[in-house]
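Chemist: Please work out how this folds:
(one chain, ligands or ions: 2)
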Amino acid sequence: MPRYAQLVMGPAGSGKSTYCSTMVQHCETLNRSVQVVNLDPAAEYFDYPVMADIRELIEVDDVMEDASLRFGPNGGLVYCMEYFANNFDWLESCLGHTEDDYILFDCPGQIELYTHLPVMKYLVEQLQQWEFRVCGVFLVDSQFMVESFKFISGVMAALSAMVSLEIPQCNIMTKMDLLSKKAKKEIEKFLDPDMYSMIEDSTGKLRSKKFKKLTKAICELIDDYSIVRFLPFDRSDEECINIVLQHIDFAIQYGEDLEFKEPRETEEDKSQNFDEFFQDRADEQ
Ligand SMILES: Nc1nc2c(ncn2[C@@H]2O[C@H](COP(=O)(O)OP(=O)(O)OP(=O)(O)O)[C@@H](O)[C@H]2O)c(=O)[nH]1
Ligand SMILES: [Mg+2]
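Modeler: Numbers count the residues shown, from 1 in each chain. Ligands and ions are numbered 1, 2, ... in the order given. Got it, this is the predicted structure:
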């Protein structure tokens, strides 16, 4: 039986940890069990219960304080992730071997992890060996996407994660609740991949003709191949959260192999059935 995983990635502050806690709460209301693993060695705050925390293995502060390594915060984080990749047995012991597990991995925000470093790829391969079906979930802050050239850099970041990880990926625009009405309207065109080639810079911030041409050419390329599309994510809108979850479930075929479980009868149900049974008997006589 397969197990299921979401690799929650994206730039610093894009809302990864908030996404994880929102998803856990949403799944609770659906009666689905979802667990979270914190993979950010520099994490200071998150409000979901963790099944495993990378800081038990290694912490950025310890690496930075080590006089022989002399790393700053970013180099320190990369060192931690490489150390993690050499110690996957720690993760294996935390995850156990439960079938039908559904786990969210809250990853760090260093963008280089998703562009050219091999650590996340190693993690994906390892999870696949443990029979996980993995979906990449790439988050981008919607507030930085309102202008076309910023949108393209978001698309490029999502695309490089897709290309380097080679797994199904859902790209998500977070913090939609923070956008003004005007900005929401503006961003709608970025949610429809067929519209990318129509995107023009309305702010007039792009002065260079060459830059404008490049932006247009990239948009057309992405449009032609339907490579990247984004789903909106508003943490205060259950319907919106559900649509994102359904897309991800579909990508990893969650639910197709689940065995049908008889709903558990409560004591109340049992006594009700009992009463109905005797009522029926009484009616027959
Ligand atoms: N209003 C609103 N705020 C959000 C949303 N998602 C995240 N935030 C806020 O954005 C900030 C960063 O969110 P985090 O979830 O910590 O982001 P992160 O990607 O985990 O950040 P790093 O782990 O540091 O890379 C926090 O102050 C959150 O409360 C959202 O959907 N709506
Ligand atoms: Mg975080």
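
Chemist: so residue 242 touches residue 23, yeah?
Modeler: No: using CB atoms under 8 Å, residue 242 is not in contact with residue 23; the gap is 10.5 Å. Glycine gets a C-beta too; all of them are placed from N, C-alpha and C.

Chemist: Excluding sequence neighbours, find me the nearest residue to the closest residue to ligand 2 within the stretch 151-285 of the chain.
Modeler: Closest approach of the stretch 151-285 of the chain to ligand 2 (CB to the ion) occurs at residue 174, with a separation of 11.8 Å. Distances taken as CB to CB, 6 or more residues apart in numbering place residue 15 nearest to residue 174, at 3.8 Å, with adjacent residues excluded.

Chemist: picking up where we left off before, burial check on the residue of the stretch 151-285 of the chain closest to ligand 2, number of neighbours?
Modeler: 25 (other CB atoms under 10 Å).

Chemist: Compute the distance between it and residue 230, please.
Modeler: Applying CB to CB, to the nearest Å, the value for residue 174 to residue 230 is 10 Å.

Chemist: do residue 239 as well
Modeler: 17 Å.

Chemist: So for these two, which sits in the more crowded spot?
Modeler: residue 230 (24 against 7).

Chemist: hey, what's the more buried one bridged with?
Modeler: residue 171 (DSSP bridges).

Chemist: how near is it to residue 176?
Modeler: 10 Å.

Chemist: returning to what we had before: more crowded one of residue 242 and residue 23?
Modeler: Higher neighbour count among residue 242 and residue 23: residue 23, with 25 against 13, using other CB under 10 Å.

Chemist: Within the helices and strands, which one has that one?
Modeler: helix 16-29 (DSSP states H and E).

Chemist: Buried residues, that helix. List them.
Modeler: By neighbour count on 16 or more other CB atoms under 10 Å, the buried set for helix 16-29 is 16-24, 26-27.

Chemist: out of these, who's near ligand 2?
Modeler: 16-17 (CB under 5 Å from the ion).

Chemist: Nearest to ligand 2: which residue in the stretch 101-250 of the chain?
Modeler: residue 106 (5.9 Å).

Chemist: State whether residue 138 is indeed within a strand.
Modeler: Yes: checked against DSSP: H, G, I helix; E, B strand; the rest coil, residue 138 lies within a strand.

Chemist: Check it and give its pLDDT.
Modeler: pLDDT recorded at residue 138 is 97.

Chemist: Would you mind naming what in the stretch 51-200 of the chain lies close to ligand 1?
Modeler: 109, 174-175, 177-178 (CB under 6 Å from any ligand atom).

Chemist: For ligand 1, see how far away residue 146 is.
Modeler: 15 Å (CB to the nearest ligand atom, to the nearest Å).

Chemist: Tell me how many other residues crowd that residue.
Modeler: 18.

Chemist: repeat for residue 127
Modeler: Neighbours of residue 127 using other CB under 10 Å come to 21.

Chemist: One more: residue 136?
Modeler: Count around residue 136 with other CB under 10 Å applied: 26.

Chemist: now do residue 34
Modeler: 21.

Chemist: OK, contacts around it?
Modeler: 23-24, 27, 102-104 (CB atoms under 8 Å, 6 or more residues apart in numbering).

Chemist: Now the residue of the stretch 101-250 of the chain closest to ligand 2, what are its backbone angles?
Modeler: In terms of degrees, to the nearest 10, the main-chain angles of residue 106 are phi -90, psi 100.

Chemist: what does residue 8 give?
Modeler: According to degrees, to the nearest 10, residue 8 has phi -90, psi 110.

Chemist: Which strand residues bridge it?
Modeler: Bridge pairing for residue 8 - DSSP bridges - gives residue 106, residue 137.

Chemist: And the residue of the stretch 1-150 of the chain that's closest to ligand 2?
Modeler: Closest point on the stretch 1-150 of the chain to ligand 2, by CB to the ion, is residue 17, at 3.3 Å.
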